[in-house]
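S.K.: Provided below are the primary sequence and the corresponding predicted coordinates.
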Amino acid sequence: MKIAIIGQQDFGKAVLEAFLARGDEVAGVFCAPEKEGAKPDALKTAALEKGVKVFQFPSLKGAEAAAAMKGLNAEIGIMAFVLQFAPQEFVKIPKKGTIQYHPSLLPKYRGPSSINWPIIRGDAKTGLSIFRPNDGLDEGAVILQKETPISADDTLGSVYFDRLFPMGVKAMLEATDLVVAGRHRETVQDETVASYEGWCRAAEAKINWASHVDFTYNLIRGCNPAPGAWTTLNGKKVQIFDSRKHLVRTFGAVKGKVGEVSEIGAQSFFVTAQGGRIEVLKAKHEDGKKISAPEFVAQNGLIPGALLGA
């Protein structure tokens, strides 16, 4: 079949390679222009290496982008990790329209940080949706969904790279085949259970050690590796990545004040939170790189009794 891919970065590249590997014809690729000084986009580089035509328009809303899509005469458009707005005049050009990947179980977690928020909220499952893009954000009819559990110690990295990424590539192939064959169903999203969340960035990733240790641990997991949950040490920003949660069972087991480094071990250090402690395994000082806890302790002179977030 003849397809057009709209996307960017590693997920877009993986989708391109998956379609080419099974013998489909990729008529062209649309990806956003790189910012000044940035590395060439992974999807763009892969497409050029394989002799696929690449288009980079500042916007997909113009007549130039529509003309380029019409010229490809594609059966279906495939949107794989797209940050540019694609209007209906563009997505409806391919004969069978366009389908889009989103890493959540729509209509929950519409928006750009849909992998972070389910983990931060302590959800037990997440998933992906393949849907029809409309002029809303992640609001079109759903064609296909796949679920995956979120374990108590999963991070954004493990949920996405181990599961939602490879599952998403396969789901795009499956949904494409269903749509082109006319065997798919389109389910309108139920607005009564819909939710939209914006970006999970630095402001949302700030640790409040006075929150319950469950909430703190979920925040760290949901921001690992990006944007990185953070606190401060002597007025400087410290991001916490790999960690473990330890609940306290009795009053006598409480060690230190909230936000205090209560213990430093051979492989980690412990910070007291409400209801338990966070064992930190990897961290990053704003003046350095992501390193192991022992390296962080040595480099920053961390001692028991130091206060984080003060």
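M.R.: It's in.
S.K.: List the contacts of the nearest residue to residue 176 once chain neighbours are set aside.
M.R.: Sequence neighbours aside, residue 76 is the residue nearest to residue 176 in space, at 6.0 Å (criterion: C-beta to C-beta, 6 or more residues apart in numbering). For glycine as for every other residue, the C-beta is placed from the backbone atoms N, C-alpha and C. By C-beta atoms under 8 Å, 6 or more residues apart in numbering, the residues touching residue 76 are 1, 3, 4, 94, 95, 96, 97, 98, 99, 176, 179, 180.
S.K.: just residue 243 next, same as before
M.R.: So residue 243 contacts 217, 220, 221, 224, 278, 279, 280, 281, 282 (C-beta under 8 Å, 6+ apart).
S.K.: Angles on the backbone of it, please.
M.R.: With angles defined as degrees, to the nearest 10, residue 243 sits at phi -160, psi 170.
S.K.: go on, the one 10 residues further on?
M.R.: When quoted as degrees, to the nearest 10, the phi and psi of residue 253 stand at phi -90, psi -10.
S.K.: give me the number of residues near it?
M.R.: Per other C-beta atoms under 10 Å, the neighbour tally for residue 253 reads 11.
S.K.: Nearest residue to the middle of this protein?
M.R.: Centroid-nearest residue in the chain: residue 115, 4.8 Å away (criterion: C-alpha atoms, centre = their mean).
S.K.: OK, contacts around it?
M.R.: 103, 104, 126, 156, 159, 160, 164.
S.K.: For these, which two are the farthest from each other?
M.R.: 104 and 156 (12.6 Å; C-beta to C-beta).
S.K.: I'd like to check what contacts the longest helix seen in the chain. Which residues are they?
M.R.: Of all segments of type helix in the chain, defined using DSSP state H, the longest is helix 165-181. Helix 165-181 is contacted from outside by 1, 3, 10-11, 14-15, 18-19, 22, 75-76, 78, 80, 96-97, 99, 101, 103, 128, 130, 143-144, 146, 148, 184, using C-beta under 8 Å, 6+ apart.
S.K.: In helices, which of these appear?
M.R.: Using DSSP H, the contacts of helix 165-181 in helices are 10, 11, 14, 15, 18, 19.
S.K.: pretty sure the fourth one is touching residue 80, no?
M.R.: Yes: between residue 15 and residue 80 a contact is recorded at 4.1 Å, counting by C-beta atoms under 8 Å.
S.K.: between these two, what contacts are shared?
M.R.: Going by C-beta under 8 Å, 6+ apart, residues that sit against residue 15 and also against residue 80 are 5, 7, 101, 172.
S.K.: ok now do residue 263, which residues does it touch?
M.R.: Contacts of residue 263 (C-beta under 8 Å, 6+ apart): 255, 269, 270, 277, 304.
S.K.: Check the ones in helices among the contacts of helix 165-181 against residue 193 and report the nearest one.
M.R.: Residue 193 has its nearest neighbour among the ones in helices among the contacts of helix 165-181 in residue 11, at 26.3 Å by C-beta to C-beta.
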